[in-house]
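Undergrad: this is a predicted model, with the sequence first.
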Amino acid sequence: MAKRSPEPKRRRMPRRQRQVLAGAAAVVVAVSVGWFAYRAAANLPGTPVPSQGNLHIAMVTSPHAPYNSEPPTSGPHLPYIAPWGVHTRPIPRELQVHNLEDGGVLVQYGCECPDVVARLRAIVGRYDTHVILAPSPGLTPRIALTAWTRIDTLDELDEGRVVRFIEAFRGIDHHR
């Protein structure tokens, strides 16, 4: 029987070298994750609006700081939400904000435009929760899309843009 030669001993990497290699790998992973997160945020629809917090107020008439966007995207709001879905009357701004905080998207229109409203109704009807369609008399431009700290406005209906906004922000809860 042939004699087997002993296998050569594997040289173990020194501990310091293993630590440096692990640290370098962690840095590469962190930079990659950060880059992808930055790209994802940069591609979000609409315009960011600074947060005004999420203070609860007792009534629509309760005094509070003015909102920093129209329609509002954060700030003082009532302690309950409006029902999801299609509304035929305007929703008080202080009520809208709580829906946004709870992950809602509001689609509002400020025109007497039954054809546009019918198309918006069809879009909003695709979602069982977390989306509201409501009139907003005096709103300019004609259509406003709002989510927590985000707004997009349109002079003409662009269905793809509306759906993209809803899909990007619908269902993201903002309670602290």
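TA: It's in.

Undergrad: list the strands paired with the helix or strand where Leu106 lies, with their directions.
TA: Assigned by DSSP states H and E, Leu106 falls within strand 105-109. Each strand paired with strand 105-109, and its direction, by DSSP bridges: strand 131-135 (parallel), strand 143-147 (antiparallel).

Undergrad: in this protein, which spans are strands?
TA: Taking DSSP state E as the criterion, the chain carries its strands at 47-48, 85-86, 105-109, 131-135, 143-147, 150-154.

Undergrad: touching the second one from outside, list them.
TA: Residues external to strand 85-86 that are found in contact with it (CB atoms under 8 Å, 6 or more residues apart in numbering): 121, 124-125, 131-134. (Glycine included, C-beta is placed from N, CA and C.)

Undergrad: low-confidence stretches in the protein?
TA: Judged by pLDDT under 70, the chain has its weakly predicted residues at 1-9, 28-42, 176.

Undergrad: just to revisit the earlier point, from the contacts of strand 85-86, list just the buried residues.
TA: 124, 131-134 (16 or more other CB atoms under 10 Å).

Undergrad: ok, Ser62 - contacts?
TA: By CB under 8 Å, 6+ apart, the contact set of Ser62 is 76, 94.

Undergrad: would you confirm that Ile166 contacts Leu133?
TA: No: assessed by CB atoms under 8 Å, Ile166 is found out of contact with Leu133, at 10.6 Å.

Undergrad: what touches both of the two?
TA: Common neighbours of Ile166 and Leu133, counting by CB under 8 Å, 6+ apart, are Val107.

Undergrad: tell me the one of the buried ones among the contacts of strand 85-86 nearest Gly53?
TA: Ile132 (21.5 Å; CB to CB).

Undergrad: could you tell me the end-to-end distance of stretch 110-119?
TA: End-to-end distance for stretch 110-119: 15 Å, by CA to CA, to the nearest Å.

Undergrad: contacts for it next, please.
TA: The contact list for stretch 110-119, computed with CB under 8 Å, 6+ apart, reads 109, 133, 135-144, 157, 159.

Undergrad: quick revisit: just put the strands paired with strand 105-109 in a markdown table and tack on distance to Gly23.
TA: Shown next, in a markdown table, are those (distance: least, CB to CB, whole Å):
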| stretch | distance to Gly23 |
| --- | --- |
| strand 131-135 | 46 |
| strand 143-147 | 39 |
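
Undergrad: good, wrapping up.
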